[in-house]
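**Q** pasting a predicted model and its sequence here:
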Amino acid sequence: MDTHALLALPSHCGDDTKIHLFFDELTNQVSSGVLTFPNLVIQDCKEFAEGEIVHTWTKAVSAHRKYQSVDNGWQEEVLGQCDDIADFDDVGEQTPVLVAAMTMSLLDLGLEVSIVTEDRLELPNRRCLAEACGVLNIPAVTCLDFIRACGMDGFL
């Protein structure tokens with residue numbers, strides 16, 4: 001899951017009184033290995049949503065992720081196939097590259113995975129993650145698709 005998707009998750013919960021139950025169920029998804037995200041996503045959530053439930057939740061579940069990081073070789077693989085996924089004006093690690101790299105590494109392990117992303121808009125400085133997934137042959141789904149696939153429709 002990428003930062004865009006995590007930040008969008010609360011807006012998909014139709015009832016504010018259920019939001020904690022919703023995130024409890026997401027915690028179960030993390031613990032079972034169905035849901036993961038690279039470490040940089042936690043930093044992004046702090047930057048964009050500090051003090052909000054998404055930031056608190058990502059910090060709380062971070063140690064429970066089955067897969068937490070990705071080898072640099074996978075980042076190079078992603079950039080070799082789709083270099084415009086990265087904003088080359090940004091010299092630091094970039095979440096879309098890391099999310100794609102982690103996904104490619106999990107696919108290489110034979111796991112059935114897809115990227116949950118709401119990064120779907122054309123950008124002037126880089127290709128959006130959903131479009132890059134097409135180039136990289138990585139399945140990409142929306143938050144809504146993910147919520148439904150996990151049987152969490154009751155929270156919508």
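**A** Yep, that arrived. Numbering: from 1, shown residues only.

**Q** residue 33 is in contact with residue 66, correct?
**A** Yes: contact criterion Cβ atoms under 8 Å: residue 66 and residue 33 qualify, at 3.9 Å. In this view, the C-beta of every residue, glycine as well, is placed from N, C-alpha and C.

**Q** need the helices for this protein, in chain order.
**A** Listed in chain order, the helices of the chain (DSSP state H) span 3-12, 19-31, 39-49, 53-61, 72-81, 95-108, 129-136, 143-149.

**Q** just name the most buried of these.
**A** Mean neighbour count (mean count of other Cβ atoms under 10 Å) peaks for helix 95-108 among the helices of the chain, with a mean of 23.

**Q** coming back round to it: mind putting the helices of the chain in TSV, distance to residue 88 and mean pLDDT included?
**A** Below are those laid out as TSV (distance: least, Cβ to Cβ, whole Å; pLDDT from 0 to 100):
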stretch	distance to residue 88	mean pLDDT
helix 3-12	19	94
helix 19-31	32	94
helix 39-49	17	95
helix 53-61	27	96
helix 72-81	10	96
helix 95-108	11	96
helix 129-136	14	97
helix 143-149	28	95
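
**Q** and the residue with the largest distance to the centre of the chain, how far from residue 155?
**A** Distance from the C-alpha centroid of the chain, by Cα atoms, centre = their mean, peaks at residue 17 (24.6 Å). Using Cβ to Cβ, to the nearest Å, one gets 11 Å for the distance from residue 17 to residue 155.

**Q** next one: residue 100
**A** For residue 100 relative to residue 155 (Cβ to Cβ), the value is 27 Å.

**Q** residue 66: what's it in contact with?
**A** Taking Cβ atoms under 8 Å, 6 or more residues apart in numbering as the criterion, residue 66 is in contact with 30, 33, 36.

**Q** how about the first one, what does it touch?
**A** Taking Cβ under 8 Å, 6+ apart as the criterion, residue 30 is in contact with 36, 61, 64-66.

**Q** and these, which two are furthest apart?
**A** Greatest spatial distance in the contacts of residue 30: 61 and 66, 11.1 Å, computed using Cβ to Cβ.
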